[in-house]
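In: Mind looking at a prediction? Sequence and model below.
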Amino acid sequence: MKAVSKIEIVDITRDAEYEKHIYRCLAPMPFKRYAARREYLSKAIPKGFHKKLLLLDRRVVGQIEYAPAGASGYPISGSNVIVLNCVWVLRRAGSHNFGRMLIDEMIRNAKDAAGFATIALENHWSPWFVKWQMEKLGFRSLDSIKVTHKAKRKDHSFNIHLMWMPVRARTRPPTWDKQKLLEGETFCLAHPLYHPQAWNGNILVQRKNG
């Protein structure tokens, strides 16, 4: 008889046992307590930041990271809005609906939230934050900007979308600071929009749509 797999979701926000996972994602990168992440966590955790891992037979195969809009890694604003920094399930653990399971965990544990916001990428070379995948998880696009990356594939344009999933009726949707978004992100080294410490100025350039 085949053994039944054990699935757990563990909140590692304040758990020293999982320190390396609070600093790094599931990307094959070395553990590093880098300054920008440490600074972000020191401000975000007291304001309601959470990071959770999905364990399959004690092996980490998925993660989700979210926080109230004021403590998010993105320049997204909104009343009673929770912002999803990241949700990721390893390819080898696909076809089990683990992404949906992590989203449901976030919704269940943010009972006062009016809705959930995040970003999504369209026509980007990265396999992360793909728009159709975020739509499959229940988000829809509210707005978008067309950009190019100053350091990578400078002739390749892609779209960044503001994504929204309300859970209450008559909820005011979130807004975002597009100019701030062009600076890039520093809360995760593996993020497709990461702004390297050595880079001066914005890492993205906005283009005209069309």
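Out: Thanks, I have it.
In: who does the strand or helix carrying residue 53 pair up with?
Out: Using DSSP states H and E, residue 53 sits within strand 50-56. Paired strands of strand 50-56, with direction, are strand 7-11 (antiparallel), strand 59-68 (antiparallel) (DSSP bridges).
In: quick one: which of these is nearest residue 188?
Out: Smallest distance to residue 188 across the strands paired with strand 50-56 (Cβ to Cβ): 8.3 Å, for strand 59-68. C-beta here means a position set from N, CA and C on the backbone, and glycine is covered the same way.
In: Please compute how far whichever helix or strand comes after that closest one lies from its chain's middle.
Out: The helix or strand immediately downstream of strand 59-68 is strand 76-77, counting by DSSP H and E. When distances are taken as Cα atoms, centre = their mean, to the nearest Å, strand 76-77 is centred 14 Å away from the chain's centroid.
In: And stretch 139-151, by the same measure?
Out: Distance, stretch centre to chain centre, for stretch 139-151: 14 Å (Cα atoms, centre = their mean).
In: Most tightly packed of the strands paired with strand 50-56?
Out: Among these, ranked by average contacts under mean count of other Cβ atoms under 10 Å, first place goes to strand 59-68 (a mean of 21).
In: And the helices in this protein?
Out: Using DSSP state H, the helices of the chain run over 19-23, 35-44, 98-108, 131-136, 178-181.
In: Between strand 50-56 and the second one, find me the angle.
Out: In terms of direction (axes from the mean of the first three to the mean of the last three Cα atoms, to 10 degrees), helix 35-44 departs from strand 50-56 by 110 degrees.
In: and what of the third one?
Out: Orientation check (the same axes, to 10 degrees): helix 98-108 against strand 50-56 gives 140 degrees.
In: Pull out the buried residues from helix 98-108.
Out: Judged by neighbour count (16 or more other Cβ atoms under 10 Å), helix 98-108 contains these buried residues: 98-99, 102-103, 105-107.
In: I'd like those residues laid out as JSON lines, including distance to residue 133 and pLDDT.
Out: Converted to JSON lines, the buried residues of helix 98-108 look like this (distance: Cβ to Cβ, whole Å; pLDDT from 0 to 100):
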{"residue": "98", "distance to residue 133": "13", "pLDDT": "91"}
{"residue": "99", "distance to residue 133": "8", "pLDDT": "91"}
{"residue": "102", "distance to residue 133": "13", "pLDDT": "96"}
{"residue": "103", "distance to residue 133": "11", "pLDDT": "96"}
{"residue": "105", "distance to residue 133": "17", "pLDDT": "96"}
{"residue": "106", "distance to residue 133": "16", "pLDDT": "97"}
{"residue": "107", "distance to residue 133": "17", "pLDDT": "96"}
